[in-house]
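J.: Sharing a model that was predicted from the sequence below.
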Protein chains: 2
Amino acid sequence: MTDPPFDDPPRLPAGFRCASIHCGIKPSGGDLALFASDNPGVAAGVFTKSLVPGAPVVVGRKLIQAGRLQAVVVNSGVSNVGTGADGILRARRMGVAAARALGLAPELVLMSSTGMIGVPLPVERIEGAMSELVAALQNDPMRGAEGIMTTDTHPKAVSLAVGSGALTVVAKGSGMIEPNMATMLCYVMTDLALEQSELDAVLRRVVDDTLNMVSVDTDTSTSDTCVAIANGQSGPVAQAVFETALRVALTRMAEMLARDGEGASRLLRVTVRGAADRGDARRIAKSLVNSPLIKTMVYGGDPNVGRILMAVGKCVDCRVDPDRLVAAISGVTVFGGGGSTDFDESKVRALLGMDPVDLGVELGLGEGEAQAWGCDLTPGYIAENAAYYSS
Amino acid sequence: MTDPPFDDPPRLPAGFRCASIHCGIKPSGGDLALFASDNPGVAAGVFTKSLVPGAPVVVGRKLIQAGRLQAVVVNSGVSNVGTGADGILRARRMGVAAARALGLAPELVLMSSTGMIGVPLPVERIEGAMSELVAALQNDPMRGAEGIMTTDTHPKAVSLAVGSGALTVVAKGSGMIEPNMATMLCYVMTDLALEQSELDAVLRRVVDDTLNMVSVDTDTSTSDTCVAIANGQSGPVAQAVFETALRVALTRMAEMLARDGEGASRLLRVTVRGAADRGDARRIAKSLVNSPLIKTMVYGGDPNVGRILMAVGKCVDCRVDPDRLVAAISGVTVFGGGGSTDFDESKVRALLGMDPVDLGVELGLGEGEAQAWGCDLTPGYIAENAAYYSS
């Protein structure tokens, strides 16, 4: 986290504090977190498109319509999904408890839950721990990030200076990740002042190019949530300046999430250029990061060029001309002119063993471009997911 | 292969013979096979939808338009994909060599290739071995099946009596399988007489419900081919009778292909009922067999009901009402009425350890139904695919 423009260590913007504690939902470790501003801010959010969304997503979609939030309360361990009408009540109780402890109106507090599906949320434990949680509020974003982890191997936060203020992103997620609107849980905080409509538009555009292009395993979570709060304490910012900073921060976070994919040993970055349009570029980039044969190729470090052709070819709704297609592995052209190139196999093998691995596809048909982020598929993924209950 | 209505061992219909030999494309084992009728038959075929199809698929699509075939020549080891105009020439040379050795017109011989992508087909070896191959023609379909294997762990053939004749299916495939029009390589032979238009229509309908609903790893092959030849030696058959028999045979073959998926330890069968329409049922069934979290759940034998909800929920273009959704694992209802049922976890754990595992989803919305076939995801899949070059 030492390369510019990121703060090292990450910090929270002015007027924001966070905390995490253990309240007894998980056997050990942080399982309850709070992110709060000193004053209400404008807010925007995007949520999973899953047809079986979690109760906090159902409630959150309504809350965000007002465009104002001051805090987000998050638990890990139980996701409150597949829990019917009772789940909605428990989600609301969780938000009310946080609002009461903070002295806020309930409609200013959004709630998120992540963890096991189909289990009732032990909301009494959350209610009982709320005053302790509020008392623990402090300035280090990594402390808040710790409370929202599930199978993540480390807490994830990035921050950077923007204009007269700062932008901080805290997120979690390492499995059941192929976001369709946002990735797992992601909170964007800034002390800059933006119009709610600006914040909403910028968030949607940037999430679509960053978090929505992350895929660890093609499985879309029922709880994906990305919420942004701007409290305005450090004054205004030009929308374009803020959008650039958010793009930088969420690109970095996309890479952090993909590299920490369940069992992953390496980040896989795919860049598609020259597609007939942006939609084709996105579908082909996703096909490459999602292909089990590409993912095992990266894990094994074997330059099997045919798998790149296969993964492009299976995008049957896209426009592809094999004779124009050029493919590269970490900068070395391996296919072009209608056939495999005479590339240095030992060199490519070495590049496939490094982190990250970059796959590039040039289609030669138009101006469509996209990037996608994924990871290799390893025995660790299977070990972790064959025994989720027992772990 | 002992349960009715299948022949044990499988046999070829009247007038068909097959052979396989080693011609030196693979280091050892059968790598060249021939399936031939004594007389020309009506023929139909379906091929991969991949945008980067193999040369034999490009040539085969043209050959099949005449609706008549007498033989199919197949090599394994090299797929002749990503090989440009030279690949087309080599595919044609392979068919011409077989036609010459059989004394047939070249347009009566279809060719298929399976194996490594992006490598020139060593067609001289095929040409040099053709008289030996023709001399080896005999009546056991398993001998032909042996020559078309790649990562398959065993040869695959089924046959059954139909009306006054017989129907035999020989196929291969265990990885890079999510057919979009056919599965890997599959040859349907019958000594019954059908109109070409009947054979074509029946093949397309049945393949769509059987082979096209198999997925081992979501990766669509560049070579998928399913070709049927009816030589008419045993007289006519009612179309409905033939269609029923073909459905039975290709359902069995779909199960054989999925169970032999790379690294698989168990067959996964998914049945979706009550969908708003057939399209929704098919998408949801495919989502379940393709989900890495479902596949690792089956491997681990852990009844994680939330993953079924997740895999249904991520079909964002389908109609789903979580309150009407009922899900079952091998006959035990695990979700219904908007929440998890109080099922016997140790019983379901035991059922998940058996072969096959059946997942059932009832959506309660309409008449749409579909079945799909897949397998568990195991460390064996990764071991096999992380080192394809080196194996």
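T.: Thanks, I have the structure now.
J.: Please make it C-alpha for all contacts and neighbour counts, starting now.
T.: Fine.
J.: all strands for the stretch 51-200 of chain A, in order.
T.: Taking DSSP state E, counting those that start in this stretch as the criterion, the stretch 51-200 of chain A carries its strands at A:68-78, A:109-116, A:156-162, A:165-172, A:185-190.
J.: nearest to residue B:349, of those?
T.: Among the strands of the stretch 51-200 of chain A, the nearest to residue B:349 by C-alpha to C-alpha is strand A:109-116 (17.5 Å).
J.: now for the closest one, which elements pack on it?
T.: Under the contact criterion of 3 or more C-alpha pairs under 8 Å, 6 or more residues apart in numbering or on different chains; DSSP states H and E, strand A:109-116 touches helix A:55-63, strand A:68-78, helix A:84-102.
J.: can you rerun that using 6 Å?
T.: strand A:68-78 (3 or more C-alpha pairs under 6 Å, 6 or more residues apart in numbering or on different chains; DSSP states H and E).
J.: just how off-centre is the strand it packs on within its chain?
T.: Mean-position distance between strand A:68-78 and its chain equals 16 Å (C-alpha atoms, centre = their mean, to the nearest Å).
J.: so which residue of the stretch 101-250 of chain A comes closest to chain B?
T.: Taking C-alpha to the nearest C-alpha, chain B has its nearest neighbour within the stretch 101-250 of chain A at residue A:117, 4.6 Å off.
J.: residue contacts, that residue?
T.: Taking C-alpha atoms under 6 Å, 6 or more residues apart in numbering or on different chains, we find residue A:117 in contact with A:79, A:81, B:306.
J.: Report pLDDT for the last one.
T.: Spelled out, it's residue B:306. pLDDT for residue B:306: 87.
J.: Spatially, and excluding backbone neighbours, which residue is closest to it.
T.: What sits nearest to residue B:306 in space, not counting adjacent residues and going by C-alpha to C-alpha, 6 or more residues apart in numbering or on different chains, is residue A:117, at 4.6 Å.
J.: Can I take it that residue A:258 is in a helix?
T.: Yes. Checked against DSSP: H, G, I helix; E, B strand; the rest coil, residue A:258 lies within a helix.
J.: Can you get me a residue count around it?
T.: 29 (other C-alpha atoms under 10 Å in any protein chain shown).
J.: coming back round to it: please report the distance of the residue nearest to residue B:306 from residue B:160.
T.: Note on residue A:117: its distance to residue B:160, by C-alpha to C-alpha, to the nearest Å, is 46 Å.
J.: which regions of the stretch 101-250 of chain A lie under the pLDDT threshold?
T.: Within the stretch 101-250 of chain A, the set of residues satisfying pLDDT under 70 comprises A:174-183.
J.: try 80 this time
T.: Filtered on pLDDT under 80, the stretch 101-250 of chain A yields the residue ranges A:151, A:174-184, A:216-221.
J.: So residue A:42 sits against residue A:68, correct?
T.: Yes. Residue A:42 lies in contact with residue A:68 (C-alpha atoms under 6 Å); the separation is 4.5 Å.
J.: Would you map out the domains in chain A?
T.: Domain segmentation of chain A under automatic domain parsing yields A:16-259, A:267-385.
J.: any chance of those domains in CSV, plus distance to residue B:57?
T.: Shown next, in CSV, are the domains of chain A (distance: least, C-alpha to C-alpha, whole Å):
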stretch, distance to residue B:57
domain A:16-259, 29
domain A:267-385, 13
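J.: which stretches of the stretch 251-391 of chain A form strands?
T.: Taking DSSP E, counting those that start in this stretch as the criterion, the stretch 251-391 of chain A carries its strands at A:267-275, A:326-329, A:332-336, A:339-340, A:357-362, A:368-375.
J.: quick one, phi/psi of the closest residue to chain B within the stretch 51-200 of chain A?
T.: In the stretch 51-200 of chain A, the residue that lies nearest chain B is residue A:51 (4.2 Å; C-alpha to the nearest C-alpha). Per-residue torsions, residue A:51: phi -80, psi -10 (degrees, to the nearest 10).
J.: can you tell if the top strand by length along chain A touches chain B?
T.: Assignment by DSSP state E gives strand A:32-47 as the longest strand of chain A. No. With C-alpha under 6 Å from any C-alpha of the partner chain as the measure, strand A:32-47 is seen stopping short of chain B, the closest distance being 12.8 Å.
J.: Just list the residues touching residue A:155, thanks.
T.: By C-alpha under 6 Å, 6+ apart, the contact list for residue A:155 reads A:145, A:146.
J.: of all the contacts of residue A:117, which comes closest to residue A:284?
T.: Closest to residue A:284 out of the contacts of residue A:117 is residue B:306 (29.1 Å), distances taken as C-alpha to C-alpha.
J.: Now for that closest one, how many residues are close by?
T.: Close neighbours of residue B:306, defined as other C-alpha under 10 Å, add up to 24.
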